[in-house]
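J.: quick one: sequence and predicted model below, then my questions.
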Amino acid sequence: MAEAHLGLGDRARALTLADEAVMVSRRRSTRFWEFLALLARIRALREIHGTKATTEIGAGLDEAAAWLEMSGAKSYEPFLYVECAELARLAGDEASRQRELREAHRLFLDIGAPIRAAEVAKELALATAS
């Protein structure tokens, strides 16, 4: 629901729903869904607060990385790299952004997600062209 509201432009509602999803996932011990909720929360924070939220976004990325480490869910790893690239973009760190995008691209190919890999490659091409 958070992602849907974010897509509709209702960013505040998206953040509220993402926060709720994280809490519910933790309370019910459904950790699988927690990762997706964390990413939705990160995206909502970025959309609402931009550079003012870099610390909070970084903390969310650390939580998501810890979840990945704990769960071993490698198929979600490239999504984390995409979000790390977005944080680097917010911070104005183009070199880190490109490095994160390259790793996301490689990981999407590794898990057999060529369409997502192509989307990242397109983003990387735009980044290197500017």
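T.: Nice, I can see it. Remember, it's a predicted structure, so these values are computed and weren't measured experimentally.

J.: CA atoms for contacts and neighbours, from now on please.
T.: OK.

J.: what about stretch 48-66, distance to the chain center?
T.: Distance of stretch 48-66 from the chain centroid (C-alpha atoms, centre = their mean, to the nearest Å) equals 9 Å.

J.: tell me where the chain has strands.
T.: Ranges of strands in the chain, per DSSP state E: none exist.

J.: show me what contacts the residue sitting nearest the centre point of it?
T.: Per C-alpha atoms, centre = their mean, the C-alpha nearest to the average position across the chain is that of E83, at 3.4 Å. For E83, the contact set (C-alpha atoms under 8 Å, 6 or more residues apart in numbering) comprises 39, 42-43, 61.

J.: A104 contacts Y76, doesn't it?
T.: No: applying C-alpha atoms under 8 Å, one finds A104 not in contact with Y76, separated by 10.1 Å.

J.: so those two - more neighbours on which side?
T.: A104 (25 against 17; other C-alpha atoms under 10 Å).

J.: so what's the closest residue in space to the more buried one that isn't next to it in sequence up against?
T.: Nearest residue to A104 in three dimensions, chain neighbours excluded: P78, at 4.4 Å (C-alpha to C-alpha, 6 or more residues apart in numbering). Applying C-alpha under 8 Å, 6+ apart to P78 gives the contacts 103-105, 107-108.

J.: can you pull out the helices in this protein?
T.: Counting by DSSP state H, the chain has helices at residues 2-7, 11-27, 31-49, 54-71, 77-91, 94-110, 114-129.

J.: any chance of those in CSV with mean pLDDT as columns?
T.: Shown next, in CSV, are the helices of the chain (pLDDT from 0 to 100):
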stretch, mean pLDDT
helix 2-7, 94
helix 11-27, 95
helix 31-49, 93
helix 54-71, 94
helix 77-91, 97
helix 94-110, 97
helix 114-129, 89
